[in-house]
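Engineer: have a look at this fold, sequence not included:
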Ligand SMILES: [Zn+2]
């Protein structure tokens with residue numbers, strides 16, 4: 001009886017030591033299941049309606065904005081910024097030809113985007129290193145993709161989608177697409193679009209679905225914490241190198257992908 005208690009005691013001490021080691025490394029707090037809600041092509045006329053719904057549901061978001069749309073709706077751009085949501089770059093005007101043919105143009109696009117945001121937000125501290133290709137990365141040649149990371153930026157696609165720009169997609173169909181494309185993945189980058197009523201109507205159900213599934217809602221970034229989470233995300237993306245730890249994360253994620261059936 002006494003011996004059994006002793007073994008139990010040693011087991012408990014070991015558990016405690018392992019758990020505190022995890023906390024000290026900052027790994028303990030990282031959630032297992034994460035969803036990033038991303039909204040493209042805004043701001044739009046209905047952006048305040050979308051933001052009100054996100055407020056109501058108490059979820060953070062990431063906005064891949066178009067520079068010229070931001071100029072058309074500066075007030076809404078400030079509203080997104082003041083909510084604390086991530087403002088990322090989706091080019092100035094959704095054109096792809098220039099950067100496809102001449103990757104060097106990306107530098108100009110990024111510079112113009114950040115300058116535009118400084119003027120609109122009146123805040124020079126704003127910056128971003130997050131980019132999404134118009135239409136997604138698959139139609140761009142390797143030199144264009146490489147140029148993004150060479151400039152110290154990251155690019156992101158998605159691994160779940162609302163299909164909210166497709167014709168005949170009502171809120172019910174949008175929710176169904178989210179459920180089907182999420183398909184039990186632990187780390188999800190969901191593609192949605194600003195200005196889409198079907199997505200706005202479906203959002204309460206979408207958020208409830210992820211909450212019921214045990215997901216935490218987060219904003220995209222290239223912080224070390226986010227890199228750890230994104231290393232488990234099967235979406236197409238590329239982050240610039242982040243030293244030895246960043247390389248290690250990349251290797252781990254590639255290994256994990258290879259092991260998946
Ligand atoms: Zn787009």
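Structural biologist: Received the coordinates, thanks. Only a predicted model underlies this, so the values are computations on that prediction, with no experimental measurement involved.
Engineer: identify the residues contacting residue 40.
Structural biologist: The contact partners of residue 40, by C-beta atoms under 8 Å, 6 or more residues apart in numbering, come to 63-64, 90, 132, 191-194. Just so you know, the C-beta spots here come from the backbone N, C-alpha and C atoms, and that holds for glycine as well.
Engineer: so it versus the ion, what's the distance?
Structural biologist: Distance of residue 40 to the ion, computed by C-beta to the ion, to the nearest Å: 4 Å.
Engineer: so where do the helices sit in the stretch 51-200 of the chain?
Structural biologist: Using DSSP state H, counting those that start in this stretch, the helices of the stretch 51-200 of the chain run over 67-72, 74-82, 97-101, 105-121, 142-150, 171-182, 197-212.
Engineer: residue 50 is in contact with residue 200, correct?
Structural biologist: Yes - with contacts counted by C-beta atoms under 8 Å, residue 200 reaches residue 50, the gap being 5.7 Å.
Engineer: so for those two, which sits in the more crowded spot?
Structural biologist: residue 50 (27 against 20; other C-beta atoms under 10 Å).
Engineer: which single residue of the stretch 51-200 of the chain ends up nearest the ion?
Structural biologist: Residue nearest to the ion within the stretch 51-200 of the chain: residue 134 (5.1 Å; C-beta to the ion).
Engineer: contacts only, for that residue.
Structural biologist: Contact analysis of residue 134 by C-beta under 8 Å, 6+ apart lists 90-91, 94-96.
Engineer: closest to residue 186 out of those?
Structural biologist: Nearest to residue 186 among these is residue 90, at 25.9 Å by C-beta to C-beta.
Engineer: spatially nearest residue to that closest one, not counting backbone neighbours?
Structural biologist: Of all residues not flanking residue 90 in the chain, residue 64 sits nearest, at 3.8 Å (C-beta to C-beta, 6 or more residues apart in numbering).
Engineer: tell me the confidence at that neighbour?
Structural biologist: What the model reports as pLDDT for residue 64 is 98.
Engineer: could you list everything it pairs with in the sheet?
Structural biologist: residue 40, residue 88 (DSSP bridges).
Engineer: just give me the neighbour total for it.
Structural biologist: The number of residues packed near residue 64 is 26, by other C-beta under 10 Å.
Engineer: what's the answer for residue 191, then?
Structural biologist: 26.
Engineer: give me every residue that touches it.
Structural biologist: By C-beta under 8 Å, 6+ apart, residue 191 lies in contact with 38, 40, 157-158, 160-162.
Engineer: Serialize those to JSON lines and add fields for distance to residue 122 and pLDDT.
Structural biologist: Converted to JSON lines, the contacts of residue 191 look like this (distance: C-beta to C-beta, whole Å; pLDDT from 0 to 100):
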{"residue": "38", "distance to residue 122": "25", "pLDDT": "98"}
{"residue": "40", "distance to residue 122": "24", "pLDDT": "98"}
{"residue": "157", "distance to residue 122": "32", "pLDDT": "95"}
{"residue": "158", "distance to residue 122": "31", "pLDDT": "95"}
{"residue": "160", "distance to residue 122": "35", "pLDDT": "96"}
{"residue": "161", "distance to residue 122": "34", "pLDDT": "97"}
{"residue": "162", "distance to residue 122": "32", "pLDDT": "98"}
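Engineer: so of those, which ones are in strands?
Structural biologist: Among the contacts of residue 191, DSSP state E puts 38, 40, 160-161 in strands.
Engineer: let me know the closest of those residues to residue 230.
Structural biologist: Nearest to residue 230, judged by C-beta to C-beta, of these is residue 38 at 12.7 Å.
Engineer: coming back round to it: which two from the ones in strands among the contacts of residue 191 end up farthest apart in space?
Structural biologist: Spatial extent of the ones in strands among the contacts of residue 191 (C-beta to C-beta) is set by the pair 40 and 160 at 13.7 Å.
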